[in-house]
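Chemist: Next one to model:
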Amino acid sequence: QVQLVESGGGLVQAGASLKLSCAASGRTFSSSAMGWFRQAPGKEREFVASITWSGGLTYYGDSVKGRFTISRANEKNTVYLEMNSLKPEDTAVYYCAARSQVRTSSRNSYDYDYWGQGTQVTVSS
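Modeler: Okay, here's the model as predicted:
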């Protein structure tokens, strides 16, 4: 069983930065690929970023490429999402997800086994 707890969301102005954290429990974190997704009101859940078990490969959604950076610290059982140059369209609930004991990452939400409760990010114009 893996539990994921996101933190770091908040209300910021356009152009600002935020760094989200996702703390994982359990002993399988270091062998699990991780992902970040987001969901805005009335919209489908959207892939944001993913990272392989070692952190060696990262992938990004087109709308965040060049502005967001995903990273992980396996010694801390934590994955991060650094968000720069935030735009109002980035407003959403951000979720972290784990592919338990699967080392390769995915853009598809259905490939992830565990999800956090989400953290709200609101960007004002």
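Chemist: Nearest spatial neighbour of Gly8, chain-adjacent residues omitted?
Modeler: Excluding the flanking residues, the one nearest Gly8 by CB to CB, 6 or more residues apart in numbering is Leu20, at 4.2 Å. Yep, even glycine has a C-beta here, placed from its N, CA and C like the rest.
Chemist: and the gap between the one you found and Gln117?
Modeler: Note on Leu20: its distance to Gln117, by CB to CB, to the nearest Å, is 13 Å.
Chemist: Give me the more crowded residue out of the two.
Modeler: A direct count of neighbours by other CB atoms under 10 Å for Leu20 and Gln117 places Leu20 higher, at 24 against 11.
Chemist: in which helix or strand would I find the residue lying closest to Tyr112 once chain neighbours are set aside?
Modeler: Nearest residue to Tyr112, sequence neighbours excluded (CB to CB, 6+ apart): Ala97, at 3.7 Å. Per DSSP states H and E, Ala97 falls inside strand 92-99.
Chemist: For that strand, which helices and strands make contact with it?
Modeler: Counting by 3 or more CB pairs under 8 Å, 6 or more residues apart in numbering; DSSP states H and E, the packing neighbours recorded for strand 92-99 are strand 4-7, strand 18-24, strand 33-39, strand 78-83, strand 114-115, strand 119-124.
Chemist: Which stretch among the ones you listed is buried most, on average?
Modeler: strand 33-39 (a mean of 24; mean count of other CB atoms under 10 Å).
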